[in-house]
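S.K.: 3D, please:
(2 chains)
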Amino acid sequence: MLLGLRNSFWAVFPMRAEIPGLALCALLVAGCANPPLRGTGDLGLVIERAAGRAQLVDTTHRTVIGAVAGLGDLSHASVVYSRDGRYAFVFGRDGGLTKIDLLRARVERRLVQAGNSIGGAVSQDGKLVAVANYVPGGVKVFSADTLELLADIPAVYGDGQRAKVVGLEDAPDNRFIFSLFEAGEIWLADLADPRRPVVTKFRDAGREPYDALVTPDGRYYLAGLFGEDGLALLDLWHPERGVRRILPGYGKGERRLPVYKMPHLEGWAIAGRFAFVPAVGRHEVLVVDTGTWEEAGRIAVAGQPVFVIARPDGRQVWVNFALPHNDTVQVIDTERRDIVVTLRPGQAVLHMEFTPRGEAVWISARDDDRVVVYDTANLVQVAEIPAEKPSGIFFSARAFRTGF
Amino acid sequence: MARRDDYILPHPFKLLLLTVAMAALTLAVTLAQAAGQGAGGPPAMAPGAERQKQLVQMVRHDCGSCHGLTLAGGLGPALTPAALAHQSPHYLKLAILHGRDNSPMPAWYPLLSEADAAWIAEQLLGGFPDAR
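M.R.: Prediction:
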C-alpha cells in the first residue's frame, strides 16, 4: 500500500523536485494509513433504505461523518455490532450480510447468504453471527471474524415445509433462540460447538410468532403472536418447563383493526419490573408485570404501536405508530403510565434509537428525508440531520447489550 | 419547540399561500375531470398524477415493509409481474381492499379508494413504477 501510493504519486507529479515531493508523500501516506485515533462508542449507522446505503453518525457531535454504500436491498434492514464495537453487521432484505468497519467507513466483507432475510444476532462470546432467513427459511451461523459459514439450521417443520424465521436473539451460554412464523415453534440452538449446533424445539408455542426479544438480563425470551392474542414466554433458566402463554386473549374477542405494519419487538421496553409491549391491531400499549407475567395495565395511545422502546433508565417509553398515524411519536411516563407529550417528528416515522445513556433519542422520518434528535429531559428537538429515506438507526452501544 | 404546526406565518405570506393552494386545487380538479373523461366509465376515475405519486411511494415503502422495496417478497409474497402472472386485476384489487383471510395482509379500504386499488393492481401486473 505504501509502495503503491508512492508510485502513483510519482506517476501524477513526475517533474516535482525530490525533497518537497518526498515530504508531501510521507504526509500523504501517513494520512492514508493512520486515520485519527478515536473510539467507536459514540458511533452508529442510519440506514438509507432506498439508496442501499448507511450513514455513519457521531452521536456526541450529532453529525454525519461518513457513508457506506453497496449494501443491497435494505427495505427491511437491521444491524448488530461486533464485541469490540468496531464492526457492524448489516442484514438486508435480499439476504445480504455486510460487515462494515466503522473506523474506516467501508465494507470489510460482504456476502449474499440467502434469498431473503430479516435480521440477526451476535453470540455471547462475540465469535458468531447468526442470520434469520425467510427464504430459504432457517438460520445460518457465520464466523464473526471471516464470515465463513459454520452452521446451517433449516427451519423444517410438519411434513418438510420450511418456515420463515423471525425474532432471532442471542442468549447466555452461547445460544441463539428464534421463532418459526408458519410453524408456531420456538427453537433454542446451543452453539457451544459452532459447527454442531444442538437444537431444542418447542412446538405449539403459539400461532404466527412475528418477532421476539430477550429481557435485558438474558433470562426470558418473549415472542409476540400475530395469529392470536397473547405472547409466548420461555424461561431460559428453565427451558425444561416449556413455553408458557401469557396475556391470552388480551383483545377479548373484539375484532382487531387491520394491521398496516408489524410491530417490532427487538426494542421492547422493560422498565423496572414492567414490560411495555405493543398490542397487535389495537391502539394500546400493554403493561406486563415481569414478576407474575400477568397484565398490569393498558395505556391508550394515538395509533397501533410499532416500536415501544424504553429510555435506558426506564423512566420513559417512546412509541411510534403504523399507518395512518405514522407521523406521530408519543412519550409515556412509566411511573404515572400516561402520555407526557405527543410529538410530530415528520412523515413516516420508522425508528427511534436512544444514545447509550439516553440523554437523546434519534428518530427517522422517512418521507421527510431526515433524522430528528430530541433531548429526552425537556423533549425539545435539538438537531436535524438530512438523510435519504432513513429507516433503522443503530448505535454501536448495542454491542454490549444482550438481545440487541 | 420546532413543531411544524406551531409556526405562525406573517399575514401577506398567508394570503399568498392561500392563493397558491386555491390555484392548485382548481388545477387538480380540472386534471382529475380530464383524467376521468379519458378513462371513462364506472366504478371511479383513475387517481390523478399527484395521487399516483403518493401511491407509488406507499406501495414501494409501506407495502414494501412486508413485500420488499423491489416487491420481490418478504413476510408477504412477491408482487412482481412474473409472480402475479396468474392473478386477475379484479382479484388483486379485492385482495388490496379487503385483505386476505388467514394471512397478515390487512384490508386497505380505510386508506385506499377502489380506484386507488384498481390502479395499483394494474401497475403491479405491468411492472410497478419506481418511487424516484
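S.K.: Skipping adjacent residues, who's closest to residue 95 in space?
M.R.: As the question left the chain open, I've gone with chain A. Closest residue to A:G95 apart from its sequence neighbours, by Cβ to Cβ, 6 or more residues apart in numbering or on different chains: A:A114 at 3.7 Å. C-beta: built from backbone N, CA, C; applies to glycine.
S.K.: not what I meant, chain B
M.R.: Distances taken as Cβ to Cβ, 6+ apart put B:M105 closest to B:A95, at 6.7 Å, once the chain neighbours are dropped.
S.K.: returning to that earlier point: list the contacts of the residue nearest to A:G95.
M.R.: When contacts are counted by Cβ atoms under 8 Å, 6 or more residues apart in numbering or on different chains, A:A114 is found next to A:95, A:131, A:133-136, A:140.
S.K.: Could you look up the SS state of it?
M.R.: Three-state assignment for A:A114 (DSSP: H, G, I helix; E, B strand; the rest coil): coil.
S.K.: cool, and A:D125?
M.R.: Counting by three-state DSSP, the three-state call for A:D125 is coil.
S.K.: Around chain B, pick out the residues from the stretch 151-300 of chain A.
M.R.: Among all residues of the stretch 151-300 of chain A, those adjacent to chain B (criterion: Cβ under 8 Å from any Cβ of the partner chain) are A:164, A:181, A:208, A:210, A:226, A:258-262.
S.K.: Check which residues of stretch A:328-337 are buried.
M.R.: In terms of neighbour count (16 or more other Cβ atoms under 10 Å in any protein chain shown), stretch A:328-337 has its buried residues at A:328-332, A:334, A:337.
S.K.: which ones among the residues of the stretch 151-300 of chain A next to chain B are found in strands?
M.R.: Judged by DSSP state E, those include A:Y210 as members of strands.
S.K.: can you pull out the helices in the stretch 201-350 of chain A?
M.R.: In the stretch 201-350 of chain A, no helices are found when defined by DSSP state H, counting those that start in this stretch.
S.K.: can you give me the strands in it?
M.R.: The residue ranges that make up the strands of the stretch 201-350 of chain A, judged by DSSP state E, counting those that start in this stretch, are A:209-214, A:220-225, A:231-235, A:244-246, A:269-271, A:274-278, A:284-289, A:294-300, A:305-310, A:316-321, A:329-333, A:338-343, A:349-354.
S.K.: Is stretch B:72-82 in proximity to chain A?
M.R.: Yes: when contact is scored as Cβ under 8 Å from any Cβ, part of stretch B:72-82 falls within range of chain A: B:72-75.
S.K.: closest to A:V317 among those residues?
M.R.: Nearest to A:V317 out of those is B:L75 (Cβ to Cβ; 25.6 Å).
S.K.: Report how many residues lie close to the closest residue to A:E335 other than its chain neighbours.
M.R.: On the basis of Cβ to Cβ, 6+ apart, the spatially nearest residue to A:E335 that is not a chain neighbour turns out to be A:R315, at 7.2 Å. With neighbours defined by other Cβ atoms under 10 Å in any protein chain shown, the count for A:R315 comes to 15.
S.K.: about what we covered before: turn the strands of the stretch 201-350 of chain A into TSV, including distance to A:P386 and mean pLDDT.
M.R.: What follows is these, written out as TSV (distance: least, Cβ to Cβ, whole Å; pLDDT from 0 to 100):
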stretch	distance to A:P386	mean pLDDT
strand A:209-214	30	93
strand A:220-225	33	94
strand A:231-235	38	96
strand A:244-246	43	95
strand A:269-271	29	79
strand A:274-278	29	93
strand A:284-289	31	94
strand A:294-300	33	95
strand A:305-310	22	94
strand A:316-321	20	97
strand A:329-333	19	97
strand A:338-343	19	97
strand A:349-354	16	97
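S.K.: mind checking which of those strands is nearest A:V361?
M.R.: Closest to A:V361 of those is strand A:349-354 (Cβ to Cβ; 5.1 Å).
S.K.: Need the residues that contact the closest one.
M.R.: Contacting residues not belonging to strand A:349-354 are listed as A:44, A:267, A:307, A:309, A:311-312, A:318, A:320-321, A:326-329, A:360-366, A:376, A:390-395 [Cβ under 8 Å, 6+ apart].
S.K.: where does chain A dip in pLDDT?
M.R.: Regions of chain A meeting the criterion pLDDT under 70 cover residues A:1-34, A:252-253, A:266-268.
S.K.: just to revisit the earlier point, among the contacts of A:A114, who's most crowded?
M.R.: Neighbour counts for the contacts of A:A114 were taken using other Cβ under 10 Å; the highest belongs to A:N133, with 27 neighbours.
S.K.: list the contacts for that residue?
M.R.: With contacts defined as Cβ under 8 Å, 6+ apart, A:N133 is in contact with A:95, A:113-118, A:139-140, A:164-165.
S.K.: which of those residues are buried?
M.R.: Judged by neighbour count, with buriedness set by 16+ other Cβ under 10 Å, the buried members of the contacts of A:N133 are A:95, A:113-114, A:116-118, A:139-140, A:164-165.
S.K.: Give me the domain ranges for chain B.
M.R.: When chain B is parsed with automatic domain parsing, its domains come out as B:4-39, B:49-126.
S.K.: Hmm, A:N320 and A:A302 touching each other?
M.R.: No: with contact defined as Cβ atoms under 8 Å, A:A302 does not count as touching A:N320 (9.6 Å).
S.K.: Please enumerate the shared neighbours of the two.
M.R.: Taking Cβ under 8 Å, 6+ apart as the contact criterion, the common neighbours of A:A302 and A:N320 are A:T328.
S.K.: After the lowest-mean-pLDDT helix or strand in chain B, which helix or strand is next? Please name it.
M.R.: Lowest by mean pLDDT, DSSP states H and E among the helices and strands of chain B is helix B:11-39, with a mean of 47. Elements were assigned by DSSP states H and E; along the chain past helix B:11-39, the next helix or strand is helix B:49-58.
S.K.: picking that back up, let's see the PyMOL selection covering just the buried ones among the contacts of strand A:349-354.
M.R.: A single PyMOL command selects the buried members of these (16+ other Cβ under 10 Å):
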select buried, chain A and resi 44+267+307+309+311+312+318+320+321+326+327+328+329+360+361+362+363+364+365+366+376+390+391+392+393+394+395
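S.K.: re earlier: would you list the strands of the stretch 201-350 of chain A in TSV and tack on distance to B:H86?
M.R.: As requested, those are arranged in TSV below (distance: least, Cβ to Cβ, whole Å):
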stretch	distance to B:H86
strand A:209-214	28
strand A:220-225	32
strand A:231-235	36
strand A:244-246	39
strand A:269-271	44
strand A:274-278	36
strand A:284-289	40
strand A:294-300	44
strand A:305-310	33
strand A:316-321	36
strand A:329-333	42
strand A:338-343	46
strand A:349-354	33
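S.K.: Out of those strands, the one nearest B:A85 is which?
M.R.: Closest to B:A85 of the strands of the stretch 201-350 of chain A is strand A:209-214 (Cβ to Cβ; 28.9 Å).
S.K.: what packs against the closest one?
M.R.: strand A:165-171, strand A:175-180, strand A:220-225 (3 or more Cβ pairs under 8 Å, 6 or more residues apart in numbering or on different chains; DSSP states H and E).
S.K.: Please repeat the previous calculation with a cut-off of 7 Å.
M.R.: Contact analysis of strand A:209-214 by 3 or more Cβ pairs under 7 Å, 6 or more residues apart in numbering or on different chains; DSSP states H and E lists strand A:165-171, strand A:220-225 as its packing neighbours.
S.K.: How many neighbouring residues does B:A82 have?
M.R.: Counted with other Cβ under 10 Å, residues neighbouring B:A82 total 7.
S.K.: That one sits in which helix or strand?
M.R.: Element membership of B:A82, judged by DSSP H and E, is empty: it is in no helix or strand.
S.K.: Now it. Its backbone dihedrals?
M.R.: Geometry field for B:A82 lists phi and psi as phi -60, psi -40, criterion degrees, to the nearest 10.
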